Each structure stands twice: as structure tokens, then as C-alpha cells.
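Asks: no FASTA, just this:
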């Protein structure tokens, strides 16, 4: 749930140096800018912290800043608000949603949960605050396997909303999970055929993939992991080149950390930019500046949802 406060009409009047203007606003507001790896390079470069969902959650939980500017998508900003109910949380573009979160409507999920009352609900953090509030534990792609392994084997589990991550967790743990049928449009768009063709063209390259990818893509991967895990692997592997099967925004950090290596975005099925998240890319440096200047759009949540959603997030942080 979002609240947008009307801002002045002179939004076209931007400073010549956005980086300096944002740095000034950060000092004036006692603000922190958190950015996901899938953001544009300019936003990554201005951010105080860049990370995946787990890292961003931990940073949001521990920040002393009075204002949190979240350069990501709405479920991430919601998570920051849940962890910081008394702080101002800003999202540069209210339309920065998430196809995976949208694939799990709260009413439908409530009915699904009611049909399986004996199941523990583990939800991937890429979901709305309403879904978090219906969950027992939240997980990320970094810790999903670790969390499932801590649950007694006799306890049945619902895993939502990403079926591909759920399948991967099942393979890694040997557990039988009841999966919600959701998915990410970006991670489902990669072409197995084109990835194999790329591998033929670049036999020295390793294929690294996010577990949200579909099984045919993961079967070819030399390494599977969260965005942070893929970044770390690219730094430590002796391979000179990588075919990267996740949103290509991460490649900016990979190139900064390993400038002597080659990073090739995994191609989508069609001749389009479908491997770029259209929601993540709605945030721009200009919108981030305006959000800070006018302190809007602000993320707000009903107190009951906020309180209920906090418990499974805290449980995740404690378990990991």
C-alpha cells in the first residue's frame, strides 16, 4: 500500500549535478539510499548500500538513518517500512512493482493456505506485505535452503510464491514442498537454446544462474546462487568469462569487482530487452532526487499488516 503526497509542479527543474544534489539531501535528511543490484548503474553508484534482498533487509533493520530511500521495487520498500515503522521510507517510482509478487494475490493465497491448515508457510521475500503477514517464515534466495533444512522433516511446508526457487530448494534439501504457482517474468524469459549457443561460442565461459530461472536453464549452470552469491563467485572463480542468467543490472558490479573478466548477459527468447526487469528500471536518478527533495512517494502500511509481517521477517533474520 502506498501514499503519494502531491509535490510542486516544478519537477522539471533538476540540478546540473544530480550526484552532488543527492549527496546534499542525504546529509540534510539523515537519509540512506539502499539499492538493489538490478538498478541502473548511476543509482548503484550513488547508493550507500547495494545488495540482494537478504542484504538489503539486514541493512534496513540496522540503519540509524531517519529516512530510507529504497531504489528497488515495492515489496523491498515495504520490507524496509515493516522493519522501520517510525521512519520515512521513500520509493522513487510507485509503479516499480514486481511480477512475482503480483503472481500471488492475497485473497487467493489465503484460500490456498486455508485448504492446507497443517502446513508451515515459508514465503520468499519477493511478495507483498499481505503475503508476509500470512507467512510463518520469510526467506530469500540466499537462505531458502538453509531455512528449510531447519524445519523438522515431519512438518509439511507451503513454499510461495516462486515455483522455480521452490523446485530448486526441493532438489537441494530432498524435501517435498507444496508450491504456489508463481514466477518472475525476467527469470522465465531466458532461452535455453540461446544460452547453449552462447556456450558454444564462448567455451571458456561458465554459466552462472539465479535459482528463479527455469529448470532447463539451471541444468546448464556451473553455479547457481543469489545475486550476491553470483557476484562473489564471479570474483573467486578462475574462469575468464561468464554467461550471466539473471537480471543484467548485476553485471555493473561484476565488472567493477573483476574488470579483467568478461560478463555476457544470458539472452531472452525473443529479440527484446526482456531480460531487464521493467519494474526495477522505472527508478531513475532524477526520480530518486525528486523523491528526496519532496519526501514523496512515501510507503505506508496498515498497522495490523505491519505487525503481522514483521514476525516472519524477524524469524528469518534469527534463523540466518
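Replies: Good, I have the coordinates. Bear in mind the structure is a predicted one, so any value in this text is a computation, not a measurement.

Asks: Tell me how many other residues crowd the residue nearest to residue 139 when sequence neighbours are not counted.
Replies: Once flanking residues are discounted, residue 139 sits nearest to residue 147: 4.7 Å by Cβ to Cβ, 6 or more residues apart in numbering. Where you see a C-beta, it was placed from the backbone N, CA and C, and this is true even at glycine. By the measure other Cβ atoms under 10 Å, the count of residues near residue 147 is 20.

Asks: Might one say that residue 147 is in contact with residue 136?
Replies: No - contact criterion Cβ atoms under 8 Å: residue 147 and residue 136 do not qualify, at 10.4 Å.

Asks: Are there residues contacting both of the two? Which ones?
Replies: residue 122 (Cβ atoms under 8 Å, 6 or more residues apart in numbering).

Asks: returning to what we had before: counting by contacts, list what the helix or strand containing the residue nearest to residue 139 packs against.
Replies: Taking DSSP states H and E as the definition, one finds residue 147 inside helix 144-149. If you count contacts as 3 or more Cβ pairs under 8 Å, 6 or more residues apart in numbering; DSSP states H and E, helix 144-149 packs onto strand 120-124, strand 137-139, helix 163-173, helix 303-319.

Asks: how does it look with 6 Å?
Replies: Judged by 3 or more Cβ pairs under 6 Å, 6 or more residues apart in numbering; DSSP states H and E, the packing partners of helix 144-149 are helix 163-173.

Asks: Quick one: distance of the next helix or strand after the helix it packs on to the chain centre.
Replies: Using DSSP H and E, the helix or strand that follows helix 163-173 in sequence is strand 177-179. Distance of strand 177-179 from its chain centroid, counting by Cα atoms, centre = their mean, to the nearest Å, is 21 Å.

Asks: what's near enough to touch residue 91?
Replies: By Cβ atoms under 6 Å, 6 or more residues apart in numbering, the residues touching residue 91 are 70, 77, 297, 299.
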